[in-house]
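**Q** Could you look at this predicted model? Sequence included:
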Amino acid sequence: MQLDNLYQAVILDHYKRPEHKGLSVPSDVQVHHINPSCGDELTLNLSLVDGRISLTWDGVGCSISMACASMMAGLLTGKTLSEAEPILDSFVSLMQSKGTQSGDEEILEDAVAFAGVSKYPARIKCALLSWMAFKDAAVQVEGKQSLGSEN
Amino acid sequence: MPLKAALIRRDFPIFDRKIRGDNRLVYLDSGATSQKPNIVIDAEADFYRNNNSAVHRGAHQLAEEATEAYEGARLIVAKFLAADGDEIVFTKSATESLNLLAYAMGNAPAGNRFHLGKGDGIVVTEMEHHANLIPWQQLGKRTGASLSWFKVNTDGRLDLSDINSVITEGTKVIALTHQSNVLGTINPLEAIVARAHEVGAVVVLDACQSVPHMKINVGALGVDFLAFSGHKSVGPTGVGVLWGRKELLDELPPFLFGGSMIENVTMTDATWAPVPRKFEAGVPNMAQVVGLGAAIEYLEKIGLENIHEHEVSLVSRLLNGLQSIDGVKIFGPQDLNMRGGVVAFAVEGIHPHDVGQYLDSLGIAVRTGHHCAWPLNKKLSVTATVRASVYLYNDEADIDALIQGVQGAKKYFGDR
């Protein structure tokens, strides 16, 4: 079934058993992103522990947006911000590929399962909700760090 | 007279195409926009092919023909609503019709009955589409008028128990929907209209979900202004209607300024053309207006009473079918006398987008999301719902396909 390309088993697994869900307290930065066209909401906590990312999240939304948040948190936790950047770029590029890319498994690991989403224009924003929240949080945490280093 | 949906579908060329492979189109999203019959598509194209010229200008034959077609459509709309021709204002959308009212009221000087300021009140309801909430909310912010609203009961009806404290002596405008685009609730208007007129307020009716589906007589409704869109009434996109009582339109200041809407212009001042042209600045969406005229003639030929009866029967089948599925929650009244052809529901454990995506894979088009009524969704404690809406071209097979599709979605997402 064509639909199975969109709803890969690993995506539904993460949707039913999300990882890194439940917000850690405290965090360096908290961002709240919404998808105004559908009402999905995501809160993301980002902390840097010895320069390494720690992510927790909570939210309400469809299987694509929630599974994506779960997988992203696992993929980026433990990485440095500079290591996370090419992963973010690779995921965004995959989403923009209109089904022409299958994704680099070396970089994206299980998140290549979202390749099928890029064929459904209305769902790309679901997959990008958590990644755009991370991008926002990363900019904010970098800002905080550079302020801190000036003091 | 019962409708023959299968015959009606032949008038709509879009039903000839296939969806997601080889599925027939099961279109259950007419609440968002309706499909168009050939007669409307042809009317729009024929205007461009044969009569295209700027209306109300020019001394040539084409200008005469274009003006006649455009003004002819105005009379068709007027007759359809049991109104007068000069009470019909063409806009680009129902959203623009409602914004026209809100902005025009914001332009009203002191002494004008529409002038708003501190101490005046605007009343809406919790079930408004954003298009009939935000213009009023923002008008309140601009003028200092307060905004209050009728709440929605748990069964999806307006709570009118506090009508005398919601509509007060200071209330100037009450804006509400005739039929909720989420709950399907048809709002009773008598008490609201009576109370509004008792305090000298005007009633603005968002009739986007009612005018295409039931016989409307503006005089019988008792409201003062009414807005609907062409594209939900088998007409073209890019055309909306604002109806208003003549004496009220006369007193209401203009919203958009420019060509056509003037009587006299100097370098420092201007006076306005009589209604409705006072509200139709610029060259209007002529082909779309002509297309809307064809659409309304088409609906009248089939009969609005027949369309309504047909939809009630489909909604009855739909409600029964959905109720028979475990874990499906339906929002809005179950009483068929109080509701129209839109049904919002949720399937336990499956997000509406995923339900919608699964249905789409079978060729079934539904709406998912908050349906531009975010405050109502918050009231219902849901982030989103699935919405199925029916129209004259739907039949029992469409309803059965949806019911089976929802059962299939439960299996697809539940078993994996």
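**A** All right, it came through fine. Residues are numbered from 1 along each chain as shown, chains lettered A, B, ... in the order given.

**Q** Show the contacting residues for the residue in chain A that chain B sits nearest to.
**A** The nearest approach of chain A to chain B comes at A:Cys62, 3.8 Å away (Cβ to the nearest Cβ). The way it works is simple: take the backbone N, C-alpha and C, and place the C-beta from them, glycine included. Taking Cβ atoms under 8 Å, 6 or more residues apart in numbering or on different chains as the criterion, A:Cys62 is in contact with A:Cys38, A:Asp40, A:Arg123, A:Cys126, B:His351, B:Pro352, B:His353, B:Asp354.

**Q** Counting only strands, which of those residues make the cut?
**A** Taking DSSP state E, the ones among these that sit in strands are A:Asp40.

**Q** May I ask which two of the contacts of A:Cys62 are separated the most?
**A** A:Arg123 and B:Pro352 (12.8 Å; Cβ to Cβ).

**Q** any low-confidence regions in chain B?
**A** In the predicted model of chain B, residues B:416 satisfy pLDDT under 70.

**Q** Pull up the residues of it that are close to chain A.
**A** For chain B, the residues in contact with chain A (Cβ under 8 Å from any Cβ of the partner chain) are B:20-21, B:351-354, B:357-358, B:361, B:368-370, B:374, B:377, B:383-384, B:412-413, B:416.

**Q** Name the SS class of the closest residue to A:Leu42 other than its chain neighbours, please.
**A** Nearest non-adjacent residue to A:Leu42, counting by Cβ to Cβ, 6 or more residues apart in numbering or on different chains: A:Gly59, 3.7 Å away. Three-state assignment for A:Gly59 (DSSP: H, G, I helix; E, B strand; the rest coil): strand.

**Q** got the contact list for A:Gly59?
**A** Counting by Cβ under 8 Å, 6+ apart, A:Gly59 has contacts A:Asp40, A:Glu41, A:Leu42, A:Thr43, A:Ser65, A:Met66, A:Ala69, A:Leu129, A:Ser130.

**Q** Try it again at 10 Å.
**A** For A:Gly59, the contact set (Cβ atoms under 10 Å, 6 or more residues apart in numbering or on different chains) comprises A:18, A:21, A:23, A:32-34, A:40-44, A:65-66, A:69-70, A:129-130, A:133, B:383.

**Q** Show me how to select, in PyMOL, the buried members of these.
**A** A single PyMOL command selects the buried members of the contacts of A:Gly59 (16 or more other Cβ atoms under 10 Å in any protein chain shown):
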select buried, (chain A and resi 18+33+34+40+41+42+43+44+65+66+69+70+129+130+133) or (chain B and resi 383)
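
**Q** Which of the contacts of A:Gly59 fall in helices?
**A** A:Ser65, A:Met66, A:Ala69, A:Ser70, A:Leu129, A:Ser130, A:Ala133 (DSSP state H).

**Q** May I have stretch B:188-198 as PDB, with CA atoms only?
**A** The C-alpha trace of stretch B:188-198 is given here as PDB (Å, rounded to 0.1, in the frame of the first residue of the first chain):
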ATOM      1  CA  PRO B 188     -31.900  29.900  16.500                       C
ATOM      2  CA  LEU B 189     -32.100  33.600  15.700                       C
ATOM      3  CA  GLU B 190     -35.400  34.900  17.000                       C
ATOM      4  CA  ALA B 191     -34.400  35.600  20.600                       C
ATOM      5  CA  ILE B 192     -31.100  37.200  19.600                       C
ATOM      6  CA  VAL B 193     -32.700  39.400  16.900                       C
ATOM      7  CA  ALA B 194     -35.500  40.500  19.200                       C
ATOM      8  CA  ARG B 195     -33.100  41.400  22.000                       C
ATOM      9  CA  ALA B 196     -30.700  43.100  19.600                       C
ATOM     10  CA  HIS B 197     -33.400  45.300  18.100                       C
ATOM     11  CA  GLU B 198     -34.700  46.100  21.600                       C
END
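
**Q** Can you mark which positions in that stretch are buried?
**A** Residues of stretch B:188-198 classed as buried: B:Leu189, B:Ile192, B:Val193, B:Arg195, B:Ala196 (neighbour count, 16+ other Cβ under 10 Å).

**Q** Return the residues of chain A in contact with chain B.
**A** Residues of chain A lying near chain B by Cβ under 10 Å from any Cβ of the partner chain: A:1-4, A:6-9, A:11-13, A:15-16, A:34-41, A:59-66, A:120, A:122-123, A:126.

**Q** Appreciated, that's everything.
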